[in-house]
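Colleague: need the 3D shape of this:
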Amino acid sequence: MAIKQDPRHLYLQVIEQLKKDIQEEVYKEREKLPSEFQLSKRLGVSRATLREALRILEEDNLVTRRHGVGTFVNPKPMFSAGIEELDSVTGMITSSGMTPGTQYLSADLVEPTEEDRERFHPKELHKIAKLERVRTADEEPVVYCVDKLPEGVISLQDVKEKGSMFRLIEEYTQKPIAYAVTYIEPVGYHEIVSPVLNTDPEEALLLLKQMHYTADDEPLLLSLNYFRADKFSFHVLRRRV
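Modeller: The predicted structure follows:
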């Protein structure tokens, strides 16, 4: 089906057509797309135009291109959240109508790193509580969580009693978490996290590094959450100023 009659840039037309085909399940989740030669012939565009469209679709996490293998349709995320909305992993899973669960891997007091000391400044750190957990949705592992807190903020013995770290911290400190500074990093295969989350070697992870603060700017929690990119998507609302 040629699309050259449309006056817009050809690669934008290709993107729109392929998005439509994926939405209408002409190409299903995890299915391999036709070869570049077949697709370019079907759409009536050059292979260079097609490659540019596929590059943008991959940036949008709609497809994954595997060198020497082909291009595959990514599964639709189960969870989507605005990054400007501060919510716990428990809240995200619950709001999607699924049952949150937790697999506890470790909870220890460890020596803080120099990065930890910088992030929690001006607190003086002697020991830091480090917790590693796997969060599940309907018993399927979806997030690998590493949480760090100054010693004494919570009782490590009570960690397993609470699904939400936010709730536990606020009960102990009586200081609600007001905001977080967040960094998002795409991560490829991770030798520890990827096998635990049952992801394929080619599937990406989304790492959210978040430093959580009280309304008085007191740092309370550093979270490194590895989200399965095939299950989660994040967006941000930007207003013109």
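Colleague: return the distance of stretch 160-178 from the chain's centre.
Modeller: From the chain centre to the centre of stretch 160-178 is a distance of 22 Å (Cα atoms, centre = their mean, to the nearest Å).
Colleague: span of it from start to end?
Modeller: Terminal residues of stretch 160-178 are spaced 24 Å apart (Cα to Cα, to the nearest Å).
Colleague: what lies in contact with that stretch?
Modeller: Contact with stretch 160-178 is made by 86, 88-91, 100-102, 104, 131, 145, 147, 149, 153-155, 158-159, 212-216, 218, 220-221, 223, as judged by Cβ atoms under 8 Å, 6 or more residues apart in numbering. For the C-beta atoms, the positions are set from N, CA and C on the backbone; glycine is no exception.
Colleague: so which of those sit within helices?
Modeller: 89-91 (DSSP state H).
Colleague: closest to Ile56 among those residues?
Modeller: Val89 (29.6 Å; Cβ to Cβ).
Colleague: ok, and the closest non-adjacent residue to that closest one?
Modeller: Closest residue to Val89 apart from its sequence neighbours, by Cβ to Cβ, 6 or more residues apart in numbering: Arg135 at 4.9 Å.
Colleague: most neighbours among the ones in helices among the contacts of stretch 160-178, which one?
Modeller: Highest neighbour count within the ones in helices among the contacts of stretch 160-178: Val89, with 25 neighbours (other Cβ atoms under 10 Å).
Colleague: wait, that one touches Tyr144, no?
Modeller: No. In this structure, Val89 is not within contact of Tyr144 by Cβ atoms under 8 Å, at 10.4 Å.
Colleague: common neighbours of these two, please.
Modeller: 135, 225.
Colleague: what segments of this structure are helices?
Modeller: 10-23, 36-43, 47-59, 89-95, 114-119, 165-173, 193-196.
Colleague: closest to Leu205 out of those helices?
Modeller: Per Cβ to Cβ, nearest to Leu205 of those: helix 193-196, 6.4 Å.
Colleague: by contact count, what packs against that closest one?
Modeller: strand 140-150 (3 or more Cβ pairs under 8 Å, 6 or more residues apart in numbering; DSSP states H and E).
Colleague: what residues of the strand it packs on count as buried?
Modeller: Applying a neighbour-count criterion of 16 or more other Cβ atoms under 10 Å, one finds 141-150 buried in strand 140-150.
Colleague: tell me the strands beside it, with direction?
Modeller: The strands beside strand 140-150 in its sheet (DSSP bridges) come out as strand 128-137 (antiparallel), strand 219-228 (antiparallel).
Colleague: bridging residues for the residue nearest to Val89?
Modeller: For Arg135, the beta-bridge partners are Thr102, Val143 (DSSP bridges).
Colleague: measure it to Met165 for me?
Modeller: Distance of Arg135 to Met165, given as Cβ to Cβ, to the nearest Å: 10 Å.
Colleague: list the residues that contact both of those two?
Modeller: Joint contacts of Arg135 and Met165 (Cβ under 8 Å, 6+ apart) are Cys145.
Colleague: burial count for the residue nearest to Asp216 when sequence neighbours are not counted?
Modeller: Leaving aside its chain neighbours, Asp216 sits nearest to Lys175 (7.8 Å; criterion: Cβ to Cβ, 6+ apart). Residues lying near Lys175 (other Cβ under 10 Å) number 15.
Colleague: swap in Leu10?
Modeller: 19.
Colleague: same deal with the one 5 residues further on?
Modeller: Residues lying near Ile15 (other Cβ under 10 Å) number 19.
Colleague: for it, give its distance to Val73.
Modeller: Between Ile15 and Val73 the computed distance is 14 Å (Cβ to Cβ).
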